[in-house]
Structures are given as C-alpha cells and as structure tokens.
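Novice: turn this into a model:
(one chain, ligands or ions: 1)
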Amino acid sequence: MSLIQVEDLSVCYGTRMVLSGVSLSVEPGEIVTIVGPNGSGKTSLLRAIIGAVKPVKGRVIQGSGVKIGYVPQRLQIDETLPITVSRFLKLPGGVAVADIDQSLKHAGVPDLANAQLSKLSGGQFQRVLLARALIGKPDLLLLDEATQGLDQRGSASFYQQIETVRRDTGCAVLMISHELHVVMSASDRVICLNGHVCCEGTPAVVASAPEYRALFGTGTGGALALYRHEHDHDHGHDHGDHPHDHDHTEAAE
Ligand SMILES: Nc1ncnc2c1ncn2[C@@H]1O[C@H](COP(=O)(O)OP(=O)(O)OP(=O)(O)O)[C@@H](O)[C@H]1O
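Specialist: Residues are numbered from 1 along each chain as shown. Take a look at the predicted model:
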C-alpha cells in the first residue's frame, strides 16, 4: 500500500491556481525528488500533503498509521535566544532524551545535543532540523529544499545523510531539490512539476530519454534548461517514458 496518494490535486491562492490535477504516490522506502522552476508549486504540494493548505479539488490519502516528518525550507529562530539543540528538540513536549539522542545520531550529528542552536553552521542546523523531523519515527520524510544556503559539498553530504537515514530507519523520502546533478544519483524517482506533473521517471529512464539533457544536462546549462523547459503541452499520458515532444533547442550544450 502507498504511504501517501495524491489524487488530482488542485491548489489556489485566491483566484490563482498554482497546482492543477497533480497525482502521485510514494511507496514505502523510496526516495522521490520533485524538481521544477521557481514558483511551480513544489512547496504548495508539500504543504497540501501535510494539510497546511486546503486543496480546491482532489485529495491526499495518507495510508493508515503512516507517520510523516516534515523538514521546512526555513525556520526562523531568534538568534539571541540561548537554547541548546536538545532543548530545541524537546520543545514539542513529551520527548524522551533517548529519542533525541537517537534522532541526532540518525541525522549524523550525535555530538550536538548540548551545542547552542545559534552557534551551528548551516549544515549542522539542517541536520538538527532533520533530527527534529525524525523524532516521531516517520514512515515518510518530507524535505523542502533542505540544502538551501549550503555549498555544493555541504549539500552533497546532506543528501548522503538522507540515504543513510533511509537505510537505517527504512523511511521513504519525498524531497524538493534544485540540485539536479545530486538528485539524479540520490533518487529512485524524479518528478518534474510545473503547476502540474510535467514528467516523471526513474533516474535511469529520465537519463535515457531525449529530454534528459534538457532537464538534467550537466552544469549550469542543464539547470537553466530546466527553467526554460517548455511545459504547455498535453499531460494526459506522460509517465516515465516521455513520449511527448518538447521544444528543447535551447538545451543544446
Ligand atoms: N500563501 C500564499 N498566498 C498567495 N500566494 C502564494 C502563497 N504561497 C505561495 N504562493 C504563490 O504560489 C506559487 C507557488 O509557490 P510555491 O512556493 O508552492 O512554489 P515553489 O515551486 O516551491 O517555489 P520556489 O522554488 O521558489 O520555492 C508562487 O507564485 C507563489 O508566489
């Protein structure tokens, strides 16, 4: 049974539709990455999945007993607030010390419990947020651009940690990322979103598709090509094997 199933989901802010007819599911233990241009509705999709945004159409079905952990894109913390990592992780209340220690270990920062939150590096802070999401022992981890602000080495190391978390805890991961080159190796499946599901597939399928170079070509050229990706075509049938035509002339390298 799927952990979550998103069915024909549409989300509006006022009269503006930012997601329309989005369907996807996440199976136990898989790592699925959502890529897409800025403003393409990636965060809105995750927020709809956790119930923070109400869809105007469609629904999200959460498997019975499925627990979700969420790592937000940003978290505003008052820098002057003296608070240790372990106290921060205890904030929801009723959290056992053993669970804090274990989640910090899973997040790859076992020694940070007594560190001051305000003194952490960007990478350490992201891992503490990861630990926070792991405390409830989720079956599905949702990550919203968790490596924003980290350098390339920092984000590659963070994604390695995500794979370790999956291996050690068995949880599935649905994450948003802009780092296409890293995404390809760390994901079982990639979904390209642009208000709707534009295309999706395993990295191997995507890599062997003619669209691969346009979507994930090497370096900045590939990343830029994604943002110029032509999306206004019919999407009724395009799962995995990219049978439709795109105009990718701008992606030539
Ligand atoms: N609470 C809100 N009220 C009104 N408009 C919103 C709200 N949240 C997001 N939007 C708009 O909806 C669109 C989709 O936003 P969303 O944050 O889901 O996209 P995204 O793909 O995550 O973008 P980015 O890559 O820049 O983080 C954007 O145009 C954004 O300005």
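Novice: return the residues of this structure in contact with the ligand.
Specialist: Residues of the chain lying near the ligand by C-beta under 6 Å from any ligand atom: Y13, V18, G36, N38, G39, S40, G41, K42, T43, S44. Heads up, the C-betas are built off the backbone N, CA and C, glycines and all.
Novice: any idea how far the third one lies from I4?
Specialist: It refers to G36. For G36, the distance to I4 equals 19 Å [C-beta to C-beta, to the nearest Å].
Novice: after the longest helix that the chain contains comes which helix or strand?
Specialist: Longest helix of the chain, by residue count under DSSP state H: helix 152-169. With elements assigned by DSSP states H and E, the helix or strand that comes after helix 152-169 is strand 172-176.
Novice: mind listing what that next one pairs with, with the direction of each?
Specialist: Strand 172-176 pairs in its sheet with strand 31-35 (parallel), strand 140-144 (parallel), by DSSP bridges.
Novice: that one vs helix 152-169, what angle?
Specialist: Strand 172-176 runs at 160 degrees relative to helix 152-169, counting by axes from the mean of the first three to the mean of the last three C-alpha atoms, to 10 degrees.
Novice: re the thing from before, of all the residues of the chain next to the ligand, which two lie farthest apart?
Specialist: Y13 and G36 (16.9 Å; C-beta to C-beta).
Novice: compare the two and say which is more crowded by neighbours.
Specialist: Per other C-beta atoms under 10 Å, whichever of Y13 and G36 has more neighbours is G36, with 23 against 9.
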